[in-house]
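1. My questions are about this predicted structure, shown below with the sequence.
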Amino acid sequence: MSQSEGNIESILHESRLFEPPAPSGAPWLIDSLDEYKKLYQRSIDDPKSFWGEIADGFHWFHKWKQVVSFEAPDAKWFVGGTTNLCYNCVDKHVRDGYGDEVALVWEGEPVGKDGPEVKRFTYAELQKEISKFANVLRGLEVHRGDVVTIYMGMIPELAIAILACARIGAAHSVIFGGFSAQAIADRVEDAKSKVIVTCDGAWRRGNVVPLKENVDHAIEILKQSKKKVAAVVVRQRCKNGIEWHEERDYWWHDLVHEVDDQCECVPLDSEEMAFLLYTSGSTGKPKGIKHTVGGYMVYTATSAKYVFNLVPGEGQLYWCTADIGWITGHSYIVYGIMPNRVPTFMYEGAPNHPEADRFWDIVERHKVTQFYTAPTAIRAFMKWGDEHVTKHDLSSLQVLGTVGEPINPEAWMWYHNVVGGGECPIVDTYWQTETGGHMITPLPGATPTKPGSCTLPFFGVDAAVVDQEGKEVPANHGGLLVVRKPWPGMLRGVYGDRQRFIDTYWSTVKIDGKPVYTAGDGARRDEHGYFWIMGRIDDVINVSGHRLGTMEVESALVAHEAVVEAAVVGMPHEIKGTGIAAFCTLATGYEASDDLRDKLRAHIGEQIGAIAKPDMIRFTDSLPKTRSGKIMRRLLRSIAAGEVEVNQDTSTLEDFSVVARLQATDES
Ligand code: WT7
């Protein structure tokens with residue numbers, strides 16, 4: 001918890017309470033704290049009837065026999081039921097007569113003379129496109145249960161591809177476009193994927209990201225392990241020259257041209273795998289978090305409905321700025337939003353292209369009603385200046401959301417006043433890749449908010465702050481955030497690694513002899529029972545709302561011939577929240593220099609991806625260690641934060657031994 005022990009600013013602001021405003025669009029689905037409390041209590045006391053009733057609103061080919069069965073760490077929801085995510089996102093609305101309603105609005109990044117390119121898909125059109133691609137996947141011998149890897153830009157085909165997988169019961173593993181060839185290869189290998197869906201290139205801030213080239217390199221790496229993979233390539237407008245490999249490359253547009261546009265949704269068992277999403281942990285390579293069909297569907301759609309106040313037929317347009325390469329995009333661009341029959345908006349590119357007001361320009365032109373983004377983006381907007389926001393009419397906005405990391409109260413206030421004009425509730429949603437959907441979050445018409453607090457648990461979430469023994473700590477004391485009861489959206493495992501699943505999430509705290517889910521975050525509750533997330537308690541850092549294991553970056557560094565030993569810690573960063581600081585000792589024959597620093601940063605870009613490039617690299621003769629040989633991370637964090645000065649000249653080798661000796665007794 002050391003990263004945020006001194007979170008004075010949030011304590012200072014704590015007394016400010018913002019009551020939910022009157023709705024500016026559709027009425028609030030839940031409009032008082034009392035109503036929330038009643039429903040919450042029922043969801044905890046009687047989860048079977050609570051979730052059973054909600055699940056009845058979805059389409060099941062066969063109704064489940066049992067709402068939940070749980071024997072830690074294994075949960076099953078809607079046992080014995082069969083359903084299909086794609087059916088509930090798309091086909092159900094066509095069946096019910098809404099085929100002509102808009103389901104998806106997409107805007108490309110480049111802005112030409114006539115403005116940006118915009119595409120709209122109705123449910124009926126999506127149903128056709130998805131069916132075609134589902135038939136394409138079958139033609140490539142993708143079977144139910146197989147994992148299809150997807151590495152694409154934010155284009156409609158990405159949503160179509162994942163829904164096509166869902167349609168036929170193939171699982172997808174979407175890899176964020178910022179990851180490297182090595183990262184793709186590792187994930188394809190782990191998931192045993194035979195097909196990768198990609199694009200020739202993707203637009204990002206006016207540049208083309210060479211996605212296909214990265215996939216080619218990944219396949220080269222995989223060849224060494226004799227893995228055969230095919231690539232389906234979407235042709236983009238960026239006219240990016242690519243290498244073509246006849247024996248394994250296919251154009252998306254050729255394939256979809258040849259197939260039928262009808263394909264039935266396969267009834268899937270509620271507990272069949274829906275997708276894998278790889279995420280960093282404190283040790284080893286990223287792990288494939290496994291989610292299943294029924295519980296994930298019910299949980300994400302229900303949380304989306306109440307947290308964003310989604311009401312069909314009210315002219316709403318919901319926009320989440322995340323990339324579908326992260327869980328936020330899975331749950332709150334596609335799977336949680338579409339069953340609610342509110343159109344979802346997808347934007348291809350960067351927030352500051354061509355100008356710093358792009359997001360607000362989009363909100364104004366499309367009349368976005370719900371807007372969901374990350375604190376790192378909010379801090380960047382603050383820095384770019386209010387005028388980019390205030391010159392646009394943002395009066396369509398009804399709810400503002402934030403996710404990914406604790407939001408500092410200054411950014412919260414700015415979001416509230418400048419973007420929301422003081423009239424939009426802010427939903428600070430705490431959750432994780434593993435939780436599938438929101439865990440602790442305000443409901444916009446019900447929960448009074450406090451800047452910096454994610455407030456109260458969502459329905460069915462029995463969250464608590466406990467000590468190592470599982471006992472709840474008193475108000476305003478820090479402790480471990482745990483969830484004591486199963487919830488429908490919870491992860492069902494780490495792909496291919498049962499032990500890691502148990503070790504990571506179910507081994508830290510026991511209550512009444514039974515393991516409980518441990519989130520890996522420190523938290524406290526204030527005297528009103530409001531939750532305040534204090535940050536990760538493991539060796540995971542949260543960079544711009546994206547999770548990175550420090551060990552992963554360290555292994556990438558020592559894989560370089562110049563580096564003998566490396567330690568990576570988080571450091572405060574104005575925009576990213578947490579930046580990456582790396583301390584390296586060099587092999588003989590290597591000199592500390594800016595040139596080497598650049599090389600190491602490029603090397604990490606190749607090994608993991610641009611998001612893992614350190615913000616600061618410092619070279620040292622030796623790393624400060626305790627007498628038992630443990631790297632003194634706390635000391636390195638202080639040095640990185642500038643709290644302990646070692647040597648002003650960061651391009652030369654530093655000697656930490658003096659400081660280390662001073663601190664050794666402290667940390668050993
Ligand atoms: C970690 C999960 C699931 C959303 C995207 C990130 C941190 C997430 C909040 C929030 C404070 C937050 C936690 C969590 N986190 N949202 N509203 N307030 N911290 O997903 O990569 O799985 O990371 O992000 O530390 O454990 P992720």
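-> In hand now; what should we look at?
2. And residue 558, how far from residue 180?
-> Computed as Cβ to Cβ, to the nearest Å, the residue 558 to residue 180 distance reads 17 Å. Quick note: C-beta positions are derived from backbone N, CA and C, even for glycine.
3. Please say which of those two ends up with more neighbours.
-> residue 180 (22 against 15; other Cβ atoms under 10 Å).
4. Could you check how many residues crowd around the residue lying closest to residue 622 once chain neighbours are set aside?
-> Distances taken as Cβ to Cβ, 6 or more residues apart in numbering put residue 585 closest to residue 622, at 5.9 Å, once the chain neighbours are dropped. By the criterion of other Cβ under 10 Å, residue 585 has 18 neighbours.
5. residues touching residue 444, list them.
-> 20, 28, 307-309, 398-399, 425, 427 (Cβ atoms under 8 Å, 6 or more residues apart in numbering).
6. Kindly reformat those as TSV containing neighbour count, secondary structure and pLDDT.
-> Below are those laid out as TSV (neighbours: other Cβ atoms under 10 Å; DSSP: H, G, I helix; E, B strand; the rest coil; pLDDT from 0 to 100):
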residue	neighbour count	secondary structure	pLDDT
20	19	coil	95
28	22	coil	98
307	25	helix	98
308	30	helix	98
309	28	coil	98
398	26	coil	98
399	27	strand	98
425	26	coil	97
427	25	strand	98
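7. the domain parsing of the protein - what is it?
-> 17-84+274-508+515-536, 126-266, 540-664 (automatic domain parsing).
8. Redo the ones you listed as a markdown table? Include distance to residue 119.
-> Listed next are the domains of the chain as a markdown table, based on distance: least, Cβ to Cβ, whole Å:
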| stretch | distance to residue 119 |
| --- | --- |
| domain 17-84+274-508+515-536 | 9 |
| domain 126-266 | 6 |
| domain 540-664 | 27 |
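9. for the ligand, what are the nearby residues on the stretch 401-550 of the chain?
-> 403-406, 428-433, 454, 519-521, 533, 536, 542, 545-547 (Cβ under 6 Å from any ligand atom).
10. re the thing from before, confidence-wise, which of the domains of the chain is weakest overall?
-> Mean pLDDT is lowest for domain 540-664 among the domains of the chain, at a mean of 87.
11. Check the spacing between residue 99 and the ligand real quick.
-> Using Cβ to the nearest ligand atom, to the nearest Å, we find residue 99 at a distance of 32 Å from the ligand.
12. if I pick that residue, what's in contact with it?
-> 93, 122-124, 127.
13. quick one: which of those is most hemmed in?
-> For these, neighbours were counted using other Cβ under 10 Å, and residue 127 has the most, 27 neighbours in all.
14. residues in contact with that residue?
-> Residue 127 touches 90-91, 94, 99, counting by Cβ under 8 Å, 6+ apart.
15. Could you rerun that using 7 Å?
-> Each residue near residue 127 by Cβ atoms under 7 Å, 6 or more residues apart in numbering is listed here: 90-91, 94.
16. between the residues you listed, which is nearest residue 504?
-> When those are ranked by distance to residue 504 (Cβ to Cβ), residue 90 comes first, at 34.4 Å.
17. picking that back up, any chance of the contacts of residue 127 in TSV, plus pLDDT?
-> Shown next, in TSV, are these (pLDDT from 0 to 100):
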residue	pLDDT
90	99
91	98
94	98
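18. Neighbouring strands of the helix or strand containing residue 617 in the sheet, and parallel or not?
-> Per DSSP states H and E, residue 617 falls inside strand 616-619. In the sheet, strand 616-619 lines up against strand 577-586 (parallel) (DSSP bridges).
19. And for the strand it pairs with, what's in contact with it?
-> Against strand 577-586 from outside (Cβ under 7 Å, 6+ apart): 375-376, 405, 541-544, 553, 557, 562-571, 573, 592, 612, 614-623, 636, 640.
20. Would you mind identifying the next helix or strand past the strand holding residue 617?
-> With DSSP H and E, the next secondary element past strand 616-619 is helix 633-640.
21. Could you check the angle that following helix makes with strand 577-586?
-> Orientation note: helix 633-640 sits at an angle of 100 degrees relative to strand 577-586 (axes from the mean of the first three to the mean of the last three Cα atoms, to 10 degrees).
22. packing partners for helix 633-640?
-> strand 563-573, helix 657-667 (3 or more Cβ pairs under 7 Å, 6 or more residues apart in numbering; DSSP states H and E).
23. just to revisit the earlier point, who wins on neighbours among the contacts of residue 127?
-> residue 90 (31 neighbours).
24. filter the contacts of residue 99 down to the ones near the ligand?
-> Of those, not one also sits near the ligand (Cβ under 6 Å from any ligand atom).
25. Can you name the residues of the chain that neighbour the ligand?
-> 279, 326-328, 403-406, 428-433, 454, 519-521, 533, 536, 542, 545-547.
26. tell me the secondary structure for residue 330?
-> Under DSSP: H, G, I helix; E, B strand; the rest coil, the three-state class of residue 330 is helix.
27. same question, residue 377
-> helix.
28. May I ask you to confirm that it is in contact with residue 356?
-> No - using Cβ atoms under 7 Å, residue 377 is not in contact with residue 356; the gap is 11.5 Å.
29. So these two - more neighbours on which side?
-> Legend: neighbour count by other Cβ under 10 Å for residue 377 and residue 356, higher for residue 377 (21 against 17).
30. Any figure for the gap between the more buried one and the ligand?
-> 13 Å.
31. With residue 110 instead?
-> Per Cβ to the nearest ligand atom, residue 110 is found 28 Å from the ligand.
32. Neighbours of that residue, how many?
-> 14.
33. Same question for residue 513.
-> Residues near residue 513, counting by other Cβ under 10 Å: 6.
34. what's across from the residue nearest to residue 622 in the sheet?
-> Here residue 585, judged by DSSP bridges, has bridge partners residue 565.
35. And residue 531, by the same measure?
-> The partner residues for residue 531, given DSSP bridges, come to residue 455, residue 525.
36. Strands of the stretch 251-400 of the chain, start to end?
-> For the stretch 251-400 of the chain, applying DSSP state E, counting those that start in this stretch gives strands covering 268-269, 273-279, 287-292, 318-320, 344-347, 370-373, 399-403.
37. what sits up against the longest one?
-> In this structure, residues lying in contact with strand 273-279 by Cβ under 7 Å, 6+ apart are 85, 145, 147, 166, 171-174, 187, 191, 286-293, 296, 327, 330, 433, 495, 547.
38. Repeat the analysis, applying 8 Å as the threshold.
-> 85, 145, 147, 162, 165-166, 171-175, 187, 190-191, 286-293, 296-297, 326-327, 330, 433-434, 492, 495, 547.
39. Selecting buried members of those residues in ChimeraX, what would you type?
-> This is how ChimeraX selects the buried members of the contacts of strand 273-279, with burial counted by 16 or more other Cβ atoms under 10 Å:
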select :85,147,162,165,166,171,172,173,174,175,187,190,191,286,287,288,289,290,291,292,293,296,297,326,327,330,433,434,492,495,547
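40. By proximity to the ligand, which residue of the stretch 101-250 of the chain wins?
-> In the stretch 101-250 of the chain, the residue that lies nearest the ligand is residue 176 (10.5 Å; Cβ to the nearest ligand atom).
41. Quick check: chain neighbours aside, which residue is closest to that residue?
-> Per Cβ to Cβ, 6+ apart, closest to residue 176 is residue 325, 2.9 Å.
42. Test my guess that that neighbour contacts residue 172.
-> No - in this structure residue 325 lies outside contact range of residue 172 using Cβ atoms under 8 Å: 11.1 Å.
43. coming back round to it: which SS state does the residue of the stretch 101-250 of the chain closest to the ligand fall under?
-> Residue 176 ends up coil, using three-state DSSP.
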